[in-house]
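S.K.: Sequence and computational prediction follow.
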Amino acid sequence: MELIKRRVDEVTFFLTMLAVVLPVFSIAAAQGFLFLAFLSFLFEKGIRRDTGISLPPLKAPLLLFMVFTLLAYLCSPEPEIGSPPLRKFVLFVIIILVVNDFSKPRLFQTYQALFTAGFIAAGFSIYQYFFLSRGAVTDRLTGFMGHWMTLSGEMMLVFVALAAYFIFARPSPKL
């Protein structure tokens, strides 16, 4: 039984890591893996009755954000416009998955996978610029995404994660 628990934990971690890394290549695939990771997490918690679900330290601001978003939706004169942000609440599941299943080595492994995916996507974008669009200004780079703004936003987020990794991951020097 312990072997099954360990395997389910590894599967949950792997699926969560894919959900974190894959948006650089495919947002739809990443959301599919997020769903599978959540199902695996629920199964893991079902067979491990001794452990509870840890909530992140930012639960109060996150809950306030969700409550006020829902309140704004309910008070809106055009609620059909405000419904897409409510459907994105499910993406906050990734916070619970990371808080419960990621140890420090797993976190660094996920960072490395994210940076590798970011470098591959950036390399493909550079290739696309020089060889596929031949440097034409009229053709915007999309990388693996369907729109240049999506690519830009994702590359920016990978860069911010890389900067945070270099700033905060090193042990502080002794004074």
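M.R.: Structure's in. What do you need? Note that the coordinates shown come from a computational prediction; the quantities given were computed from them, not determined experimentally. Numbering: from 1, shown residues only.

S.K.: Quick check: the nearest residue to Arg106 once chain neighbours are set aside vs Gln112, distance?
M.R.: Leaving aside its chain neighbours, Arg106 sits nearest to Phe13 (5.8 Å; criterion: CB to CB, 6 or more residues apart in numbering). Where you see a C-beta, it was placed from the backbone N, CA and C, and this is true even at glycine. Separation of Phe13 from Gln112 (CB to CB, to the nearest Å): 14 Å.

S.K.: Those two: who's more crowded?
M.R.: Phe13 (22 against 12; other CB atoms under 10 Å).

S.K.: Next, count neighbours for Leu42.
M.R.: 11.

S.K.: Buried residues of the helix or strand hosting it, list them for me.
M.R.: According to DSSP states H and E, Leu42 maps onto helix 27-47. Neighbour counts using 16 or more other CB atoms under 10 Å place Ala30, Gln31, Phe33, Leu34, Leu36, Ala37, Phe38, Ser40, Phe41, Glu44 of helix 27-47 among the buried residues.

S.K.: Quick one: list the elements packing against it.
M.R.: Contacts defined by 3 or more CB pairs under 8 Å, 6 or more residues apart in numbering; DSSP states H and E place helix 27-47 against helix 2-21, helix 93-101.

S.K.: Of all these, which one is nearest Leu162?
M.R.: helix 2-21 (13.4 Å; CB to CB).

S.K.: re the thing from before, ok, the residue nearest to Arg106 - contacts?
M.R.: Counting by CB atoms under 8 Å, 6 or more residues apart in numbering, Phe13 touches Asp101, Phe102, Arg106.

S.K.: how about low-confidence regions in this protein?
M.R.: 135-138, 171-175 (pLDDT under 70).

S.K.: Could you check how far the longest helix seen in it is from the centre of its chain?
M.R.: For the chain, the longest helix by residue count, based on DSSP state H, is helix 104-127. Relative to its chain's centre, helix 104-127 lies at 12 Å (CA atoms, centre = their mean, to the nearest Å).

S.K.: same question, stretch 71-83
M.R.: That offset, for stretch 71-83, works out to 26 Å (CA atoms, centre = their mean).

S.K.: Adjust the sequence numbering to begin at 23 for everything that follows.
M.R.: Right, with 23 as the first residue, what we last looked at is stretch 93-105.

S.K.: Name the surrounding residues that touch it.
M.R.: Residues outside stretch 93-105 that contact it (CB under 8 Å, 6+ apart) are Pro107, Leu108.
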